[in-house]
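Q: next input, structure requested:
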Amino acid sequence: MTSTSRLHRKRSVGLFAGCIFLGLAGAAPLVAQDADRLQQQLEQVKQEYETTTQALQLRMAALEQQIQSQKEASEKAKEATVSAADLAAERAAKAVLGENSDQVGAKFQGDLPSEPTYDLLQEADEKIAKLKEQVGTFEFHGYLRSGYGLNSEGGQQVAFEAPGAAAKYRLGNEAETYGEFIFVNNWLNPDQSSNEAWMRTEIMIEANTTNSSNVASFPNGIGDDQFRLREAFVQAGNVFALQPHAEFWAGERYYRRQHIDIDDFYTLDLSGYGGGVENLNVGIGKLAVAFLNGARPDIVTQSGNLAKSNIDVRLYDLKGPAGLWGVWFDYATSKGGTASGTVIPTSDGYAFGLRHQQLEWHGGYHTFSIQYGTGAASNFSNPGNGVTIQNPTPYINNSAQLLISEQVVVQANDWFGIMPIFLYQRTKDGNPQDHWDQWASFGARPIVFFSKHLSLAFEAGFDHTESGIGQHDGWLRKFTVAPQIGAGRKFFSRPVLRAFITYANWSDGFRGLVGGVPYQNRTNGLTYGVQMENWW
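A: Numbering: from 1, shown residues only. I've put the predicted structure just below:
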């Protein structure tokens, strides 16, 4: 091969390499420009993602703050009402916006074709408003106590109560679990505003157990749990413009009961079935009129189940010397007949009473009442419960009751409160050969508050009873010490947790009648345990 040919070949190779180099050099700027555009698009997408996420989080924070503000306002306005509205609103917000608020952007990013900021949150607001409207009509109230105790002999706790007494001093002296659970639904105008009528339904379930077993099922039903329907009524108000505060009702209910807390005694209780009107403005005060009834399905005459009817009239909130006054009148009648060959007389009777109240008195209140009843209306206090029909006797129209009671709560500061009570009761069964049964009781429960949640409660009570037919005559004294953890510094602050120790002694005339089997041959006894109590 000649040198000329080799030179020609080298020039050809060099020319080819140069063309390749120039081509690559010209394409490089084009590739770089495409990469820059892609980078810009990526940054723009990131910015849109961050903006959308931030907007959602800000709106959710505003919603949560609004819900919290409404919840706090509702709790201040209605401390004793348990409302599920805010909980439902929070769950609705989570259901619509995602289970965790800090993941909203991540949850919807890529799932929605456009920015969700307005439409999504508007839908959440609408659902929350609807749930609040629905749940706001419902209320849940109640009372509950439970615990467990032992007696000094090693068996289950027993209660110390004087024979012939209609109640006992409660602190450290309740050996059962008891509850009342109230369900209310407001059908119209839940806030009971003054410009329209309102209607509500109330139902109460009562439960009682003997603290024998968590699942009570024993031979012959001894110690089994008990459940009863104690209230089922409808109430309506603001129906007439001339009487906007008048409240109409019908059904079964606890009717305007008067209660002494520390011995759980009802000085007036005509709870039953019927209807009536309350809070009628009569100028000098308020008026309530009710038709209340009960029956004895175990006593059947030619007229059907033996029944009793009451016309109950109360005039109350009368402004007078040293507070508010009230008067009460009841007329009761029961048609007799023949049941299983026994003649049951038709009976009637009347009862009346006077009550004085000071509702703001040294940090508490003061209440005094005196009441008297005859015949079918003589059992106006518990355990008669007013509409209950007494065991029929030929002397029922001559039966009678006199009851005087006084109760005081004093709490002038946040470290000490006390509730003393007094009552005197005389009853007779109408038999001219029998004398009056008598019951006198006085006691007090002082509480020392060491802090907002720690306190020490004491209770001392004295009962004296005398049977009109000579069954018993004597006295009983009961003392309790109970350290407590409670919700506040008020006498009635609840819920409360207690440990207690209770000692009682009684006269020889009550031997074998107090404390059950563990103390049947003794005149004193001791129990100890724990208890909770709550109402809402």
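Q: how about the strands in the stretch 251-400 of the chain?
A: Using DSSP state E, counting those that start in this stretch, the strands of the stretch 251-400 of the chain run over residues 258-260, 265-268, 272-281, 286-301, 304-320, 323-334, 337-339, 342-344, 347-361, 364-374, 400-409.
Q: same question for the stretch 401-536 of the chain.
A: Under DSSP E, counting those that start in this stretch, the stretch 401-536 of the chain gives strands at 416-428, 437-449, 454-466, 473-486, 496-506, 524-535.
Q: show me what the second one is packed up against.
A: It stands for strand 437-449. Where contact means 3 or more Cβ pairs under 8 Å, 6 or more residues apart in numbering; DSSP states H and E, strand 437-449 is packed against strand 416-428, strand 454-466. C-beta here means a position set from N, CA and C on the backbone, and glycine is covered the same way.
Q: please redo it, this time with the cut-off set to 10 Å
A: strand 400-409, strand 416-428, strand 454-466, strand 473-486 (3 or more Cβ pairs under 10 Å, 6 or more residues apart in numbering; DSSP states H and E).
Q: so what are the sheet partners of the longest one and their directions?
A: Paired with strand 473-486 in the same sheet, following DSSP bridges, are strand 454-466 (antiparallel), strand 496-506 (antiparallel).
Q: let's test this: mean pLDDT of it, rounded?
A: In this model, strand 473-486 has a mean pLDDT of 98.
Q: ok so, going back, and of the strands paired with strand 473-486, who's closest to Ala129?
A: Among the strands paired with strand 473-486, strand 496-506 comes nearest to Ala129, with 37.7 Å by Cβ to Cβ.
Q: on that earlier part again, could you dump the helices and strands packed on strand 437-449 to JSON lines with distance to Val387?
A: Listed next are these as JSON lines, based on distance: least, Cβ to Cβ, whole Å:
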{"stretch": "strand 400-409", "distance to Val387": "15"}
{"stretch": "strand 416-428", "distance to Val387": "17"}
{"stretch": "strand 454-466", "distance to Val387": "25"}
{"stretch": "strand 473-486", "distance to Val387": "30"}
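Q: how about those, which one is nearest Gln70?
A: strand 473-486 (28.3 Å).
Q: Phe462: what's it in contact with?
A: If a contact means Cβ atoms under 10 Å, 6 or more residues apart in numbering, then Phe462 has 162, 169, 440-443, 475-478 as its contacts.
Q: how near is it to Val300?
A: As judged by Cβ to Cβ, to the nearest Å, Phe462 and Val300 stand 44 Å apart.
Q: can you give me the distance of Glu139 to Glu278?
A: In terms of Cβ to Cβ, Glu139 sits 19 Å off from Glu278.
Q: excluding its backbone neighbours, what's nearest the spatially most central residue of the chain?
A: A centroid search over the chain (Cα atoms, centre = their mean) returns Gly142, at 2.1 Å, as the residue closest to the centre. Excluding the flanking residues, the one nearest Gly142 by Cβ to Cβ, 6 or more residues apart in numbering is Phe181, at 4.5 Å.
Q: give the next helix or strand downstream of the strand or helix carrying that neighbour.
A: Using DSSP states H and E, Phe181 maps to strand 177-188. Counting by DSSP H and E, the element after strand 177-188 in chain order, helix or strand, is strand 198-209.
Q: what angle do that next one and strand 177-188 make?
A: Inter-element angle recorded for strand 198-209 and strand 177-188: 170 degrees (by axes from the mean of the first three to the mean of the last three Cα atoms, to 10 degrees).
Q: strand partners (parallel or antiparallel) of strand 198-209?
A: Per DSSP bridges, strand 198-209 is paired in its sheet with strand 177-188 (antiparallel), strand 226-237 (antiparallel).
Q: list the buried residues in the first one.
A: Across strand 177-188, burial judged by 16 or more other Cβ atoms under 10 Å covers 177-182, 184, 186.
Q: what about the residue nearest to Gln520 when sequence neighbours are not counted, how many residues nearby?
A: In space, and not counting its chain neighbours, Gln520 is closest to Gly512: 5.0 Å by Cβ to Cβ, 6+ apart. Applying other Cβ atoms under 10 Å, we find 14 residues neighbouring Gly512.
Q: what subset of the contacts of Phe462 is buried?
A: Looks like these have 162, 169, 440-441, 443, 475-478 buried, using 16+ other Cβ under 10 Å.
Q: dump these to a markdown table, plus distance to Ser212.
A: Output for these, formatted as a markdown table (distance: Cβ to Cβ, whole Å):
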| residue | distance to Ser212 |
| --- | --- |
| Ala162 | 25 |
| Tyr169 | 24 |
| Ala440 | 34 |
| Ser441 | 29 |
| Gly443 | 29 |
| Trp475 | 31 |
| Leu476 | 25 |
| Arg477 | 28 |
| Lys478 | 24 |
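Q: from what I see, the residue nearest to Gln520 and Pro518 are in contact.
A: No. Judged on Cβ atoms under 10 Å, Gly512 makes no contact with Pro518 at a distance of 11.9 Å.
Q: rewinding a little: which residues does the residue nearest to Gly142 bridge with?
A: Under the criterion used (DSSP bridges), Phe181 bridges to Gly142, Ile205.
Q: my read: it touches Glu139, true?
A: No. Using Cβ under 10 Å, Phe181 is not in contact with Glu139; the gap is 11.7 Å.
Q: would you mind confirming that Phe492 makes contact with Asp261?
A: Yes. Checked against Cβ under 10 Å, the pair Phe492 and Asp261 is within contact range at 7.7 Å.
Q: which neighbours do these two have in common?
A: With Cβ under 10 Å, 6+ apart as the test, Phe492 and Asp261 both reach 409, 419.
Q: quick one on the thing from earlier: can you tell me which two in the buried ones among the contacts of Phe462 are farthest apart?
A: Across the buried ones among the contacts of Phe462, the longest distance by Cβ to Cβ is 14.7 Å; it joins Ala440 and Lys478.
Q: thinking again about what came up before, model confidence at the residue nearest to Gln520, what's the number?
A: For Gly512, the model assigns a pLDDT of 96.
Q: how about the contacts made by it?
A: Taking Cβ under 10 Å, 6+ apart as the test, what Gly512 contacts is 163, 472, 519-523.
Q: quick one: which of these has the most company?
A: Most surrounded of those: other Cβ under 10 Å gives Tyr519, at 22 neighbours.
Q: roughly how far does the closest residue to it other than its chain neighbours sit from Glu252?
A: Closest residue to Tyr519 apart from its sequence neighbours, by Cβ to Cβ, 6+ apart: Gly525 at 4.3 Å. Separation of Gly525 from Glu252 (Cβ to Cβ): 38 Å.
Q: show me which of those two is the more surrounded one.
A: Remark: of Gly525 and Glu252, Gly525 carries more neighbours, 21 against 18, as counted by other Cβ under 10 Å.
Q: so the more buried one bridges to which residues?
A: With DSSP bridges as the rule, Gly525 is bridged to Ala504.
Q: that one contacts Asn505, doesn't it?
A: Yes. Using Cβ under 10 Å, Gly525 is in contact with Asn505, at 7.8 Å.
Q: now for the two: what residues contact both?
A: Common neighbours of Gly525 and Asn505 (Cβ under 10 Å, 6+ apart) are 160, 478, 514.
Q: the second one bridge partners, please.
A: Read it as Lys478. Beta-bridge partners of Lys478, as defined by DSSP bridges: Gly461, Ala504.
Q: list the contacts for it?
A: 159-162, 168-173, 443, 459-463, 502-506, 514, 525.
Q: then the last one?
A: Contacts of Val514 were listed using Cβ under 10 Å, 6+ apart, and they are 158-163, 472, 474, 476, 478, 504-507, 520, 522-525.
Q: what do you get for the first one?
A: By Cβ under 10 Å, 6+ apart, Phe160 lies in contact with 168-169, 172-173, 175, 461, 463, 476-478, 480, 502-506, 514-516, 519, 524-527.
Q: tell me the phi and psi of it?
A: phi -100, psi 110 (degrees, to the nearest 10).
Q: separation between it and Leu423?
A: Distance from Phe160 to Leu423, by Cβ to Cβ: 18 Å.
Q: ditto for Leu188
A: Taking Cβ to Cβ as the measure, Leu188 falls 41 Å from Leu423.
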